[in-house]
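Peer 1: Need the 3D shape of this:
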Amino acid sequence: MFQLDDTFLSDVGLASLPDAQKQPFLQHVYDELELRVGTRLSDGMSDAQLQEFESIIDRKMEVVDPWLAQNFPDYQADPAYVRLQQVTKLPATDPALRSEFAATKWLEKNRPNYRDVVAQVLDELKREITASRDSILGSQAA
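Peer 2: Residues are numbered from 1 along each chain as shown. Modelled structure (predicted):
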């Protein structure tokens, strides 16, 4: 698991980024990571798979609940579900919790290499940021 935080900023040479810019920059990195990972993961998926996954991440419970019932009928007893509930502090029946769990399990089932893809894309993004740190900090010579 990775975290986009002050440690990440230090790793890419941006520890001195002004505090007011840190959170917006980290949000931008997260959005870019999400876009790139999604693009890579969608390669080779059928339209039906893409539609199903999109419905799950969009929290369409008319898709999430049947998918869970078919693939993980005892999901509330799954240790990953219990941990997710503890971390999020959401009630066990919360739609956001069920959707998050379903999205993770859907990826494990349909794209078992998704964690590797996330790590690879994050490494690529780190290298890009590190190479551009001077211009990001505004210290690049004119």
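
Peer 1: Centre-most residue in this protein?
Peer 2: Glu34 (5.8 Å; C-alpha atoms, centre = their mean).

Peer 1: Which helix or strand contains it?
Peer 2: In this structure, Glu34 sits in helix 19-42 according to DSSP states H and E.

Peer 1: Enumerate the positions of stretch 89-98 that are buried.
Peer 2: 97-98 (16 or more other C-beta atoms under 10 Å). All C-beta atoms are positioned from the backbone trio N, CA, C, and that covers glycine.

Peer 1: Extract the C-alpha set from it and format it as CSV.
Peer 2: In CSV, the C-alpha atoms belonging to stretch 89-98 read as follows (Å, rounded to 0.1, in the frame of the first residue of the first chain):
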residue,chain,number,x,y,z
LYS,A,89,-15.4,3.2,10.7
LEU,A,90,-18.5,2.8,8.4
PRO,A,91,-21.4,0.5,9.4
ALA,A,92,-21.1,-3.0,8.0
THR,A,93,-24.2,-2.3,5.8
ASP,A,94,-22.9,1.0,4.4
PRO,A,95,-23.2,1.1,0.5
ALA,A,96,-19.8,2.9,0.2
LEU,A,97,-18.1,0.2,2.2
ARG,A,98,-19.7,-2.6,0.2
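
Peer 1: re earlier: output the contacting helices and strands for the helix holding Glu34.
Peer 2: Other elements packing on helix 19-42 under the criterion 3 or more C-beta pairs under 8 Å, 6 or more residues apart in numbering; DSSP states H and E are helix 6-11, helix 114-131.

Peer 1: Next up, the contacts around the closest residue to Arg111 other than its chain neighbours.
Peer 2: Residue nearest to Arg111 in three dimensions, not counting chain neighbours: Leu41, with 5.3 Å by C-beta to C-beta, 6 or more residues apart in numbering. Neighbouring residues of Leu41 by C-beta atoms under 8 Å, 6 or more residues apart in numbering: 107, 111, 114, 117.
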